[in-house]
Structure formats: C-alpha cells, structure tokens
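Show me how the following folds:
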Amino acid sequence: MTRRIAVLLLIAALASGCAAGRAFRRGQEAVRMGDWDAAVTYFTNAVQANPDNPEYKINLQRAREEAARVHIEKGRELEKRDQLEGALAEYRRAMELDSKNRLIATRVADLEKTIREKLEASRPSPRIEVLRQQARTTSGPPLLNPASRQPLSMNFNNASLRDVLNFIGTSAGINITYDQQFVDKPYTINLEGVTLEEALQQILSANQYYYKVVNPRTIIVIPDQPAKHAQYDELVVRVFYISHADATELAQLVNSIMRIPQMTIQPMVMPNKTANTITVRATGPVVDVIERVIRANDKPRAEVVLDVEILEVSRSRLKRYGLNLSSYTLNLLFSPELAPPNTSGGVTAPPPFNLNTISQGISTADFYLGVPTALVNFLESDNRTKTLAKPQLRGQEGQKLTLNLGQDIPVVSTVFGAAAAGGFATIPQSSFSYRTVGVNMEITPRVTYEGEVVLTLAVDNSALGVSIDVAGQSIPSFTTRKVSTTLRLREGESNLLAGMIRQDSIHNLSGLPGLLKVPGIRQLLSGNDNTDQDSDIVMLITPHIVRTQELTAQDLGSIYIGTQSNVGLSGPPPLIAPQPEAPQAAAQPAQPANPSGGAVAINQPPPGVPRAPTAGQFGVPNPNPPAPPGTSPVPTPLAPVPPPPTPPAGTPPAGATPPAAPGTTPPEATPPATAPTTPPNPTGEGPATGRGAPPPSTPAQIIITPAGTTFQVAGGPYTTPISINNASRISVITVTITYNPAVLRVRTVQDGTFMRQGGVTAAFTPRIDAAAGRVDIAISRAGDQTGASGSGLLAALLFDAVASGSSQIAVTSVANTPEGTPVQVTSAPVTVTVR
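Numbers count the residues shown, from 1 in each chain. Have a look, this model is predicted:
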C-alpha cells in the first residue's frame with residue numbers, strides 16, 4: 001500500500017514537471033515569434049505548475065515588461081490617429097502587465113479624462129444656452145457699422161475738436177451729431193494706426209465726452225456728466241436664470257461688487273428664491289458686467305464616485321481547563337431538631353430550634369458539613385468572523401456622504417412621572433430608541449481645481465458590549481472606536497486606511513491558596529480561563545472624478561469693467577460690430593510726409609475705391625454696408641467718389657502732394673475699376689444649393705481681420721474677427737489659429753452667427769492653449785441636413801498685447817457637409833506688430 005502511494009506521487013510530480021516544461025517551451029517559441037502576450041500566458045502557466053523554478057520567473061518578468069512596452073507603443077500610435085478608445089484599451093492592458101509603472105496609470109487617468117471631456121463637449125447645448133444665444137443676437141443695442149475699417153492716422157495741432165471729430169466721421173463713413181451742451185475747444189493730438197473705436201475713446205475721454213450709438217451709421221457726442229448719463233443712458237431689465245448657485249447668495253455677491261460710489265445709475269439686484277432667478281435693473285454696460293460675474297460664479301459642482309472596500313476581521317479564542325470547585329468554602333451547620341434543606345447550591349441555613357433540645361444532649365448527628373463539588377474543564381474554542389463590503393458612493397463636492405454597515409440596537413430609557421398634577425413622580429414610563437452599531441462612515445469630498453480630491457473622513461466602529469444591570473433593568477453598553485482624518489488623493493489613487501486594531505486578553509486563574517504557586521501542580525489543581533479577542537478594520541478608498549467644475553479660459557481671466565464713472569466691459573462698451581466680411585486688398589503705399597508739417601495724415605481708402613492723384617484727395621468708404629452674419633451681401637455698383645473732408649483751417653493735409661516742379665506734368669488719374677454685379681438673392685440667404693449638391697469648385701475662404709496691423713502693449717483688448725466667404729453647405733468645421741505666445745495672448749473666444757443659419761443649434765467648443773500659442777474651435781450644427789452657406793462670422797478672438805515684437809496669425813481649417821463630404825477651405829495668414 002505504501003509503495004503504491006509513492007508511485008502515484010511520483011507520477012503526479014512527473015506530470016506536473018512535464019506540463020511546466022511544455023508551457024515554458026511554448027512561451028520561448030512565442031518570444032521568438034514576437035507574440036509577447038502569448039508568451040506571458042505560457043510563462044504564467046509554467047510558474048503556476050512549478051513556482052520554485054527561478055528561470056520560469058525571470059522569463060515571465062521579462063515577457064511582462066516587453067508586452068507592456070508593445071502595448072504602450074500601440075497606444076501611442078492609436079492616440080496619434082485620434083483613436084482614443086483603442087489607445088485607452090492598450091494602456092490599460094499595459095497597466096495590467098506592469099502594475100508598478102505609475103506613468104502608465106497617470107496616462108490612463110489623463111486619457112479617461114480627455115474622453116470624458118470630449119463626450120461632454122459633443123453633447124448638444126442645453127435649450128437654455130440656445131435661448132440665451134438667441135437673446136444676445138436679437139435684443140442687443142445698436143452697434144456702429146462704419147463703412148471703412150482701415151486704421152486711422154492723424155496729426156492735429158491746436159485744431160477745433162468739432163473739426164477733428166468730423167474728420168474721423170468722414171474718414172470712417174459715419175455721421176456724428178452733438179448734444180446741445182457740446183462746447184468746442186482747441187485740441188492737439190497725434191495718433192498713428194488706431195482703430196475707429198480707439199480714436200473716439202481717446203479723444204472723447206480726454207475732453208470729458210462720451211458717445212452713444214444712435215444707429216449703425218450715426219453717433220451722438222455727449223458731455224460726460226451725471227445728468228447727461230441719466231438723460232441718455234438707457235435702462236435695461238434682465239432676468240438671470242441660475243442653474244447651480246444659490247440666487248440669494250449670488251445676489252449679495254453682485255450687490256457687494258457693483259456698488260460703486262461714483263456710478264451715476266446704481267444697479268438694482270433682486271433675487272427670487274422660489275424660482276432661483278436674479279432680476280437686474282441697470283444700464284446696458286452694467287448689465288453686461290453683471291452677466292459676466294454671474295456666469296463666472298454659476299458653475300456646477302464637481303461630482304465624484306468613491307469606491308469603498310471595507311474588510312472587518314474579528315477573532316475570539318477561548319481556552320478553559322483545569323480543576324474548578326463549585327465554591328471555595330466549607331459550610332458547617334448545627335441543627336439538632338431538623339436537617340437543613342439541601343439544594344443544588346449546597347447546604348443552606350438551618351431552621352431555628354428550641355434551646356430545650358440542647359438539654360437532652362448533643363451528638364455528632366446534629367452537625368452538618370457542606371463540601372463543594374469539583375468540576376474538571378477541558379474546553380478550547382476559536383471563532384473567526386470576516387465581513388466584506390464594497391459599496392460605491394456618488395455625490396457632489398461639499399455634500400456629506402453617509403455609509404452605515406451594521407444593525408440598530410434598541411435602547412430603553414425610563415422616565416418617572418406623576419399620576420396627577422402636583423403628585424410625586426413614581427410611575428415609570430419607558431421609551432425605546434435605536435442606536436446603530438457596526439461601521440459608520442461620513443465622507444465629505446471636495447474636488448480641487450488641479451484635479452485632486454480632498455476627502456474629509458470620519459469613521460466610527462461601534463459594537464454591542466456587556467449588559468449592565470441598573471435598578472433591576474439590563475441596559476446594553478457599547479464599545480466605540482472613532483477616527484477622523486483628511487485625505488488628498490489624485491484621480492484613481494487608492495488609499496489604505498488601517499490600524500483600527502483592538503486586542504482584549506483576559507487570563508483568569510483560580511485554585512487553592514498555596515497550590516497556585518507550585519509549578520506543574522497549579523496547572524492541574526487550579527482552574528484556567530483564558531480569553532483572547534482581536535478585531536481589525538481595513539478600508540480602501542479610491543476616488544474617481546465624474547464631472548469637474550467646467551471652468552473656461554474666460555472664467556480664469558480678469559473682467560475689466562472700466563472706471564468708476566464709466567462702467568462697462570473692457571472700459572467703454574463694445575459699440576462697434578465686428579466686420580463679417582474682410583476683403584483681401586493689396587497694401588497701399590505709405591503717404592509721403594508733408595514738408596510743411598502740422599498737417600493731418602490721410603486715412604487709407606477702402607478696398608474697391610482707387611486713389612486719385614490730386615493733392616489732398618481722400619479715399620471714400622464703400623457705401624454698401626456689410627451683410628449680416630450668415631447672409632450673402634447684395635453687390636451694388638460703385639458710388640462716385642465724394643469730395644474730401646475739409647481739414648481745420650490753417651492745417652494743410654499731411655498727405656498733400658508738393659507742387660510740381662516747372663516743366664513736369666502731373667500723372668493722370670486712374671479710372672475706377674468696374675466691379676461685376678451679381679443679381680441679389682431674394683431669400684437673403686447664401687447661394688441656393690440642392691441638398692445633395694456637391695461643394696462648389698471655388699474653395700471657401702477664411703479671413704482674419706485684426707484691429708489694425710499695429711498693437712500697443714497694454715493697449716488692448718484687440719478684437720480679431722474670423723469670417724468665412726464662399727461657403728457651401730458646411731455642417732461641421734474645425735478652425736485652428738496659431739500665434740506667437742510671447743507677443744500675444746488670447747483673452748477669450750466669442751461665438752459667431754454663421755453656423756446658426758436658419759435657427760439651427762450649433763455646438764461651439766473653443767479650446768485655448770496659451771503656452772503653445774494655439775486656439776482650437778470646433779463648431780457643429782446639431783441635426784443638420786442643409787448646412788450653412790454664404791458668408792458670415794465664424795468667431796472672434798480678443799487679443800492682449802503682452803510684449804513687443806511681431807506675430808503671424810495663421811488659420812487652418814477642416815470642414816464637412818452634412819453627408820460627410822470634405823469642403824475645401826483656404827486661408828492666408830496676417831502679421832501684426834506689437835510696440
């Protein structure tokens with residue numbers, strides 16, 4: 001029989017060795033073929049079959065590292081091709097193979113965040129955002145739409161202020177009217193290459209005036225006085241619907257910020273707690289500032305998911321052995337008449353007897369002796385308990401998450417009351433309450449703006465203790481262990497919380513005096529009662545960020561609201577509309593300097609109007625105003641060139657041509673070029689195309705129109721519209737703008753109206769990379785079957801000039817039709833100089 005068992009064991013060992021060797025050889029063959037995943041599988045089987053073989057372990061570790069490297073390379077290739085889901089699967093497989101590599105875990109977390117952000121960005125805009133965008137485009141104040149947007153250059157020496165403003169109006173093609181209290185006075189100014197808005201702001205603010213837009217081609221100049229602001233500034237009532245913040249708290253914040261002492265018209269801010277809205281009454285520029293403040297504070301709270309694993313282990317060991325007596329006493333009783341009653345607890349006290357009985361004599365039968373019984377114990381027990389819980393909690397930051405794992409124990413409480421009024425409280429009245437025992441956790445998460453999670457943790461581990469007898473009632477007692485801490489964890493980082501160990505050790509030894517000190521005998525002739533109780537709690541907490549605070553680059557930037565007497569976004573309100581179409585014209589040569597000095601420099605004529613050779617001739621702006629965004633302009637024949645504006649008396653124009661020398665002939669004037677005329681589209685929309693028509697052969701053009709070619713450091717912001725021409729049925733477009741980050745900085749990106757033709761909802765997703773000098777804009781029309789056609793404004797960038805130098809602003813774009821057909825798009829870079 002023994003020989004047969006040995007043979008079976010030998011056969012089993014040989015079979016195990018053959019299986020391990022066979023798996024190892026297959027793994028080596030997989031290594032030669034470059035299949036590292038299969039090699040890991042075979043080497044793992046070999047190690048499991050023969051765990052003591054070091055060669056198998058070394059090959060397994062090497063195969064794991066190589067397989068992880070291969071998966072990392074595949075993930076990088078897929079990530080370059082923008083296949084993020086496949087790249088994430090490869091990185092996760094690499095993390096399984098090389099779990100100690102923290103770089104892989106970090107990359108997995110970053111990629112999961114990127115995919116989550118893309119999914120959030122691809123969702124259609126909520127209806128409230130669509131309504132807000134429509135309200136901005138339909139209910140805004142009139143914007144100035146000058147005929148010429150060329151930079152202005154002027155040099156006036158002690159000239160009339162009215163003449164200076166009239167010159168600006170004639171050069172830009174706008175009408176300027178004056179309040180009846182306008183006072184003309186001499187003024188000296190020298191400006192080079194400024195926009196119309198900058199020229200008006202500098203001149204009027206220096207002379208304590210401001211302007212108000214009456215219609216797209218007319219402004220009125222008004223004294224900057226409180227009475228005039230009260231007369232001309234229009235009041236606006238607007239209701240802000242708050243989605244995430246508390247309306248009352250937000251209204252208090254707005255009131256504290258917008259209470260400016262020198263403001264002529266103080267805003268009125270009233271919250272509605274029931275509807276969670278804020279109603280504001282103020283001037284238009286102040287309402288725009290309040291909107292920015294509310295938008296920056298009305299942000300959703302971040303949400304987290306907490307993976308909690310709780311392991312509670314308890315062990316109770318009992319060892320009871322030795323000789324125990326029922327009672328360590330001897331009872332000697334004297335009862336001459338009756339025998340004392342004998343109970344299970346021993347001999348009790350005898351009954352009383354008559355003393356005359358003693359006179360008859362006493363014998364040994366009158367005495368009783370109670371001897372304790374002996375009990376030999378030999379008991380040993382070992383109890384083990386393990387409780388495992390894996391709950392998953394989700395909640396918003398700042399809110400308390402509660403987890404209770406246990407049971408409710410009833411606790412009685414007694415109150416004594418009186419039977420009648422004024423009587424003694426002698427009647428007991430009992431009531432019950434419940435107390436939860438077990439593992440109780442309270443977690444308050446907070447997501448930092450760096451993407452980390454701060455957890456305020458309180459753990460309470462309570463258990464039912466020994467009951468206590470109070471006034472004849474058995475009342476339970478409780479044992480409690482509490483810990484409070486604050487943890488700061490990264491996304492997906494796990495924290496092990498342990499050390500809540502409790503050990504109770506009780507050793508009882510009972511026996512006869514003297515024998516307890518004799519070695520060897522005390523273990524046999526005494527009672528030993530040993531109890532050991534151990535309990536421990538181990539918790540593993542892993543936070544995952546589900547949703548962040550959804551901050552944008554605009555939220556992190558400053559809000560420039562002007563001065564105390566002139567409150568508005570970026571100082572004066574943006575009263576000049578961005579140009580929807582920016583025709584590409586050849587740069588005009590610079591005018592020669594005036595030899596007489598003290599004259600004004602002539603503004604460059606707009607594209608489409610040739611320069612006349614006569615001295616002092618001004619270019620005339622195009623009388624055909626730009627079409628609204630998203631529509632095709634209706635061309636009209638060129639208008640005749642009007643006479644130049646009259647400069648102030650005594651100041652000849654700076655661009656005047658000096659008198660011709662004797663014997664020379666002045667050059668002839670070049671006649672205006674004839675522009676082709678296209679019949680207008682009666683619908684007012686872009687060129688009509690069929691639903692399935694292919695894109696036109698002429699590519700669409702994306703045009704950048706900066707506010708001049710020269711920027712001043714700390715003189716911005718400079719609005720740069722990005723418009724599109726000759727577009728046909730564009731449903732999705734992605735625009736990438738690059739610039740020099742050492743010279744320029746993008747403050748914000750504003751949405752255009754071209755992709756919202758026909759009232760279609762368009763998802764506008766900008767992304768600013770300030771370090772790389774890059775802005776990515778993705779615009780898509782939701783549920784579109786027609787596409788946007790014609791010309792219009794795609795977006796507008798607000799640049800700040802941060803340092804001197806030059807920067808080329810370049811645009812690249814990719815567009816598709818609703819059927820997915822690519823649309824050819826061209827663009828030309830522009831260069832700006834910062835001084």
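
Domain map for this protein?
15-122, 230-300+550-556, 305-313+379-417+427-546, 700-834 (automatic domain parsing).

most tightly surrounded among those domains?
domain 700-834 (a mean of 19; mean count of other Cβ atoms under 10 Å). From N, CA and C alone the C-beta is placed, and that goes for glycine too.

Can you list the residue ranges for strands in the stretch 401-550 of the chain?
401-418, 425-447, 453-464, 468-470, 473-475, 478-489, 495-497, 502-511, 526-547 (DSSP state E, counting those that start in this stretch).

For the domains of the chain, give me CSV that also has mean pLDDT and distance to R320.
Formatted as CSV, the domains of the chain follow (pLDDT from 0 to 100; distance: least, Cβ to Cβ, whole Å):
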stretch, mean pLDDT, distance to R320
domain 15-122, 83, 42
domain 230-300+550-556, 90, 63
domain 305-313+379-417+427-546, 83, 4
domain 700-834, 86, 74
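
Go through these and name the closest to T563.
Among the domains of the chain, domain 230-300+550-556 comes nearest to T563, with 8.3 Å by Cβ to Cβ.

quick one, what contacts S731?
S780, R781, D784, G787, A788, N816, T817, P818 (Cβ atoms under 8 Å, 6 or more residues apart in numbering).

Spatially nearest residue to the fourth one, not counting backbone neighbours?
Using Cβ to Cβ, 6 or more residues apart in numbering and skipping the chain neighbours, the partner closest in space to G787 is R729 (3.2 Å).

distance of the one you found from Q231?
50 Å (Cβ to Cβ, to the nearest Å).

I figured S462 hits T480, correct?
Yes. The pair formed by S462 and T480 meets the contact definition of Cβ atoms under 8 Å, at 4.5 Å.

Relative to N190, which of the domains of the chain is closest?
domain 700-834 (13.9 Å).

Quick check: end-to-end length of stretch 489-500?
By Cα to Cα, to the nearest Å, the extent of stretch 489-500 from end to end equals 21 Å.

hang on, the earlier thing: quick one, which of the strands of the stretch 401-550 of the chain is nearest to R394?
strand 526-547 (6.9 Å).

Quickly run through the sheet partners of that closest one, with directions.
Sheet pairing of strand 526-547 (DSSP bridges) gives strand 303-325 (antiparallel), strand 495-497 (antiparallel), strand 502-511 (antiparallel).

Run the chain-centre distance for the helix or strand just after the first one.
This means strand 303-325. Per DSSP states H and E, the first helix or strand lying C-terminal to strand 303-325 is strand 331-334. Centroid separation for strand 331-334 versus its chain: 88 Å, with Cα atoms, centre = their mean, to the nearest Å.

packing partners for strand 331-334?
strand 346-347, strand 367-370 (3 or more Cβ pairs under 8 Å, 6 or more residues apart in numbering; DSSP states H and E).

ok, it: who's next to it in the sheet?
strand 367-370 (antiparallel).

Run through who's touching the partner strand.
For strand 367-370, with Cβ under 8 Å, 6+ apart as the criterion, the contacting residues are T329, L330, N331, L332, L333, F334, S335, A339, P340, G346, V347, P350.

Going by neighbour count, which residues in it are buried?
G370 (16 or more other Cβ atoms under 10 Å).

Now that strand: average pLDDT?
Strand 367-370 shows a mean pLDDT of 77.

Next, the distance between the ends of stretch 515-535.
36 Å.

contacts for that stretch?
312-324, 377, 463, 501-512.

re earlier: ok, the residue nearest to G787 to V214 distance?
Counting by Cβ to Cβ - R729 and V214 are separated by 38 Å.

how about G284, what does it touch?
Going by Cβ under 8 Å, 6+ apart, G284 touches P141, D233, E234, V236, P573.

Show me what the closest residue to S494 other than its chain neighbours bridges to in the sheet.
Nearest residue to S494, sequence neighbours excluded (Cβ to Cβ, 6+ apart): T542, at 4.4 Å. Beta-bridge partners for T542, by DSSP bridges, are D307.

Also L798?
What pairs with L798, by the bridge criterion (DSSP bridges), is T719, T748.

Then Y178?
Beta-bridge partners of Y178, as defined by DSSP bridges: V221.

Please report the distance of K299 from L250.
From K299 to L250 the distance is 11 Å (Cβ to Cβ).

about what we covered before: can you tell me which of the contacts of strand 367-370 is closest to S827?
Among these, and counting by Cβ to Cβ, the member closest to S827 is T329, at 109.1 Å.

residues in contact with that closest one?
Per Cβ under 8 Å, 6+ apart, neighbours of T329: G370, P372.

do R767 as well
V775, D776, I777, A778.

Quick check: beta-bridge partners of it?
D776.

and it, how far is that from T188?
R767 is 46 Å from T188, by Cβ to Cβ.

And for D751?
42 Å.

shaky segments in the stretch 101-250 of the chain?
120-123, 125, 136-140 (pLDDT under 70).

how about 90 then?
The model of the stretch 101-250 of the chain has pLDDT under 90 over residues 101-154, 158, 171-173, 191-198, 201-202, 205-206, 210, 216, 224-234, 244.

As a check, name the ranges of all strands in the stretch 101-250 of the chain.
Under the criterion DSSP E, counting those that start in this stretch, the stretch 101-250 of the chain contains strands at 152-160, 175-178, 186-194, 209-215, 218-223, 235-241.

Now for the closest residue in space to A498 that isn't next to it in sequence: which residues touch it?
Among residues not flanking A498 along the chain, V538 sits closest, at 4.6 Å (Cβ to Cβ, 6+ apart). Contacts for V538 (Cβ under 8 Å, 6+ apart) come out as I310, L311, E312, V313, L496, L497, A498.

how near is V538 to L569?
56 Å.

Determine the three-state secondary structure at A87.
helix (DSSP: H, G, I helix; E, B strand; the rest coil).

Same question for A19.
Following three-state DSSP, A19 is assigned to helix.

wait, doesn't it sit right on A49?
Yes. Assessed by Cβ under 8 Å, A19 is found in contact with A49 at 5.0 Å.
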